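S.K.: what follows is a predicted structure for the sequence shown.
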Amino acid sequence: MSHPISPLIESVQSEFDLLDQLILDRIASRVGLAEEISAYLVKAGGKRVRPLVTLLALRALGASDDRGVLLAASIEFLHTATLLHDDVVDESDQRRGRETANQVWGNAPSVLAGDFVYTRAFQLMVEVGDMDVLRELADTTNTIAEGELQQLINKGDVDIDEATYFDVIYAKTARLFEAAGRVAGQLGQADPTITQALAEYGRCIGLSFQIADDALDYQTDADSGKSLGDDLAEGKVTLPILIAKQELPPADARWLDMQFTRANADALPEVIEKLHQANALELTLARAETLSEQAITALAPLPDSPYKTHLCTLARLAARRST
């Protein structure tokens, strides 16, 4: 059975084929280990959702520019680099259903391979040759780094609130989606209102995507390709936990705080039970759905087209993702 995102990819298949080939070409390196580690993650089965936003948006604008593929590749490389670094920081052992690069090669090679991929991204940006695009993606990369650092600082902190949580997921996830929309408008020389609409679409879909991902961490029936309960093992308080603490009796909320302070992975079954008692996963996914609808609303200034419809479909899929 094909993935629900497949028809969206097929609508820009020619660009997607060029994107895949460009990515493979640009991970080539005279240092074999850099290429080996990068290829391991690039070929691991990711859906390339962020570059898909850019390619669909360019089509929705009626823009015809060969540099769109360069731009999409640079966005995917930025994402790939963050994954290599994140898995080291989080001490993750599984991604997309198989061992992480740091499990296979170790931390130091994975970090350096991440640096290699980051610099490839910026080489592609320079080739695009648009200063506004370069500035946007450079600012985005800086924000992502700040978000990852803030998330690291927040580990084990059970006193964070929703505002802090949303600041972090905007920086580490939604900012790149936002940029994927904005740079399409910039490259397509769209009206500033349209460019901002695409950026807002990206921001909302990115938030929805991350919230749904945080719910997946506690869904025992999900085939997500990630280890269940990673966030608990890292002491990372996310929206399902914040909602549960609001809905549960104070004693149960304090018990949850204790598990995350200790990063007590052994308490996962009981934590999941508390989440079900509070209806926290359903409430979390409802928030993701709301943000997806906000993303769709943001597209109102764009003219109707099959590609606008595909962007709307992608927003709905972000909130309902199972992988």
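M.R.: Received, thanks. Numbers count the residues shown, from 1 in each chain.
S.K.: any idea how far Leu228 is from Asp86?
M.R.: 18 Å (CB to CB, to the nearest Å). The C-beta positions use only the backbone N, C-alpha and C, and glycine is treated the same way.
S.K.: nearest residue to the middle of this protein?
M.R.: For the chain, the residue nearest the mean C-alpha position is Thr173 (4.6 Å; CA atoms, centre = their mean).
S.K.: need the pLDDT of the closest residue to it other than its chain neighbours.
M.R.: Setting aside the residues directly before and after it, Thr173 is nearest to Gln210 in space (CB to CB, 6 or more residues apart in numbering), at 4.1 Å. Gln210 is assigned 96 on the pLDDT scale.
S.K.: Gln210: how many residues sit nearby?
M.R.: 24 (other CB atoms under 10 Å).
S.K.: which stretch of helix or strand covers it?
M.R.: In the assignment (DSSP states H and E), Gln210 maps to helix 192-216.
S.K.: list the buried residues of that helix.
M.R.: 194-216 (16 or more other CB atoms under 10 Å).
S.K.: how near is the residue nearest to the centre of the chain to Leu149?
M.R.: 14 Å.
S.K.: what of Ala265?
M.R.: 24 Å.
S.K.: then Val12?
M.R.: 34 Å.
S.K.: try Asp257
M.R.: Distance from Asp257 to Leu149, by CB to CB: 23 Å.
S.K.: just confirm Val88 contacts Gly106, I think it does.
M.R.: No - Val88 is beyond contact range of Gly106, at 9.2 Å (criterion: CB atoms under 8 Å).
S.K.: more neighbours, those two?
M.R.: It is Val88, of Val88 and Gly106, that has more neighbours when counted by other CB under 10 Å, with 19 against 11.
S.K.: who touches the next helix or strand after the helix holding Gln210?
M.R.: Later in the chain than helix 192-216, the nearest helix or strand by DSSP H and E is helix 230-233. Residues from elsewhere that reach helix 230-233, judged by CB atoms under 8 Å, 6 or more residues apart in numbering: 90, 92, 214, 217-218, 227, 236-238, 259-260, 263-265, 267-268, 271.
S.K.: please, a PyMOL command that selects the buried ones among those?
M.R.: Buried residues among the contacts of helix 230-233 (16+ other CB under 10 Å), as a PyMOL selection:
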select buried, resi 90+92+214+217+218+236+237+238+259+260+265+267+268+271
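S.K.: filter the contacts of helix 230-233 down to the ones in helices?
M.R.: Among those, the subset assigned to helices under DSSP state H consists of 214, 259-260, 268, 271.
S.K.: can you get me a residue count around Thr220?
M.R.: 9.
S.K.: Ala315 now?
M.R.: 26.
S.K.: okay, it and Ala212: tell me how far apart.
M.R.: Counting by CB to CB, the gap from Ala315 to Ala212 is 11 Å.
S.K.: got the contact list for the helix or strand that Phe122 is a member of?
M.R.: Assigned by DSSP H and E, Phe122 falls within helix 107-128. Helix 107-128 has contacts (CB under 8 Å, 6+ apart) with 26-27, 29, 31, 33-34, 37-38, 67, 70-71, 73-75, 77-78, 80-85, 87-88, 100-102, 105, 133-134, 137-138, 141, 187.
S.K.: ok, of those residues, which come out buried?
M.R.: Buried, going by 16+ other CB under 10 Å: 26-27, 29, 34, 37-38, 67, 70-71, 73-75, 77-78, 80-85, 87-88, 100-102, 105, 133-134, 137, 141, 187, out of those.
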